[in-house]
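Peer 1: sequence below, structure please.
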Amino acid sequence: MKFIASLLCATLLAAQTLFAAPFAYVTNTVDNTVSVIDISTNMVVATIPVGHSPQDVALTPDGNYVYVTNLFNGSVMAIDTATNTVTATITGVFDALSIAITPNGQFAYVVNQTPNTVTVINLNTNTVTTTITGFGGYPTGIAITPNGQFAYVTNVSTSTVSVIDTSTNTITATIPVGNQPNQLAITPNGNFAYVTNIGSNNVSVINLNTNTVTATIPVELQPYGIAITPNGQFAYVLNQSSTTVSVIDTATNSVAATIPLPASSTPENIAITADGNYGYVTYGNLNEVGIIDLSTNTVSGTTILVGNLPTGIATTFIPPSVSPVFQPFSFSGKIVSQQGKFKLKAQWLQSISSNIIAYEIFAFDQLIAIVPSNAPLAFEKTLHPHNTHSHHWREKYQQYLNSKYKVRAVNSNNTRSEFTKLDVQI
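Peer 2: Prediction:
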């Protein structure tokens, strides 16, 4: 029982991490900090000191690290999201502005504004591997295609978008867009990029299969930050001078709604939660983060006070709600002693399904262990059956244990499958 108790304690702690609420990470440019917002409560739960004038923030796909660009001290910092502490400082960047991480989590691409370059960082070693040159003046925004093959960079001074082939880290195309392109976002299917043109008050739509502009959508004054919903149906564009949000229907490439923001606010950037329910907007001049309910396209009355001049924002992944599906595994026990002792052994291989994150084992309707699905487990338990003098005691005890031990799967959205009963072998 001591083993089971220790295992339960350890796995419960692990489960707290597995089932942790999603977070938003906000760069506070003047304070040189990053605010961590617990999205489940919309409260700041940590403030992390970083470098001079932090600008942008990006999360690794596994959610384990946040990378922050520091504009004025030539560095990028890695934050461990489990401890909310800086664990690495990467130098060799200059005027680091925007950052994007490849879908495989191997590399970060950092836009260096003044030298007109993009730095490539190997995230396994947290070292600079390449600096790419040849961009137009004042590169600003960056986004990477879902397949990781290309990175797109906006050039404000030349009103173009540069295309980087990530396999060679060379520029393979330059696309004319609107006046003074600032930020861009790529649809989840990888077919289109939406570019905010702050100087011409419109959004350029680039067909990424041909690298040509196929639509230009008028919005309001000085479109700046942009984000696309996880289903790809809508693009949300922050109009700084109008203090509004233009909601673009990507099927028709037209503005479907306009959302007024607080009149005194200067919206900087927007991050959409991965369930597509909310948009979190940094209000730079108010030192706040606002919340948009995307189901109604209305601004919540609640704002979150963060640091001084919040700019960049990113949210952790919120797993979709998908019912767990059991993969074949063994959960069985065996009576090994005829002197009244029973040993239970449960063992299974790593789950094939990436959706399952843990198994919960119950005995006599009590949770006795939580087992991560990526770790095989075997344990034994010694019991003391009664009435062992009967000729059929093992068969009866087998039926008894079959009804008392069971297991169920837990998926990445913290929902659970039906129970599977223990199969006791004589």
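Peer 1: give me the pLDDT for the spatially closest residue to Thr91 that is not a sequence neighbour.
Peer 2: The spatial neighbour of Thr91 that comes closest, neighbours along the chain excluded (Cβ to Cβ, 6 or more residues apart in numbering), is Ser75 at 5.3 Å. Glycine gets a C-beta too; all of them are placed from N, C-alpha and C. As predicted, Ser75 sits at a pLDDT of 96.
Peer 1: what's across from Ser75 in the sheet?
Peer 2: Asn70, Thr91 (DSSP bridges).
Peer 1: what sits against Val36?
Peer 2: Shown in contact with Val36 (Cβ atoms under 8 Å, 6 or more residues apart in numbering): 23-26, 44-48, 84.
Peer 1: what kind of secondary structure is it in?
Peer 2: strand (DSSP: H, G, I helix; E, B strand; the rest coil).
Peer 1: likewise Ser403?
Peer 2: On the basis of three-state DSSP, Ser403 is classed as helix.
Peer 1: ok, Ser242 next?
Peer 2: Following three-state DSSP, we place Ser242 in the coil state.
Peer 1: correct me, but it touches Ile198?
Peer 2: No: taking contacts as Cβ atoms under 8 Å, Ser242 lies outside contact range of Ile198: 11.9 Å.
Peer 1: low-scoring stretches of the stretch 1-150 of the chain, by residue?
Peer 2: Counting by pLDDT under 70, the stretch 1-150 of the chain contains low-confidence residues at 1-21.
Peer 1: what about the strands in the stretch 101-250 of the chain?
Peer 2: 107-112, 117-122, 127-132, 139-144, 150-155, 160-165, 170-176, 181-186, 192-197, 202-207, 212-218, 223-228, 234-239, 244-249 (DSSP state E, counting those that start in this stretch).
Peer 1: give me the residues contacting the helix or strand just after the last one.
Peer 2: On the C-terminal side of strand 244-249, the nearest following helix or strand under DSSP states H and E is strand 254-260. Contact partners of strand 254-260, identified using Cβ under 8 Å, 6+ apart, comprise 217-220, 234, 243-249, 292, 297-299.
Peer 1: among the residues you listed, name the buried ones.
Peer 2: 217, 219-220, 234, 243-248, 292, 297, 299 (16 or more other Cβ atoms under 10 Å).
Peer 1: that older thread, surely the residue nearest to Thr91 and Gly51 touch.
Peer 2: Yes: if you go by Cβ under 8 Å, Ser75 and Gly51 touch, sitting 5.1 Å apart.
Peer 1: common neighbours of these two, please.
Peer 2: What both Ser75 and Gly51 touch, as defined by Cβ under 8 Å, 6+ apart, is the set Thr89.
Peer 1: wait, which of the strands of the stretch 101-250 of the chain is closest to Asn411?
Peer 2: strand 223-228 (25.6 Å; Cβ to Cβ).
Peer 1: ok, that closest one: who's next to it in the sheet?
Peer 2: When DSSP bridges is applied, strand 223-228 pairs with strand 234-239 (antiparallel).
Peer 1: just how off-centre is the partner strand within its chain?
Peer 2: In terms of Cα atoms, centre = their mean, to the nearest Å, the centre of strand 234-239 is found 20 Å from the chain centre.
Peer 1: separation between the closest residue to Ser167 other than its chain neighbours and Asn402?
Peer 2: Nearest residue to Ser167, sequence neighbours excluded (Cβ to Cβ, 6+ apart): Gln149, at 6.9 Å. Separation of Gln149 from Asn402 (Cβ to Cβ, to the nearest Å): 52 Å.
Peer 1: with Asn64 instead?
Peer 2: To Asn402, Asn64 is 40 Å away according to Cβ to Cβ.
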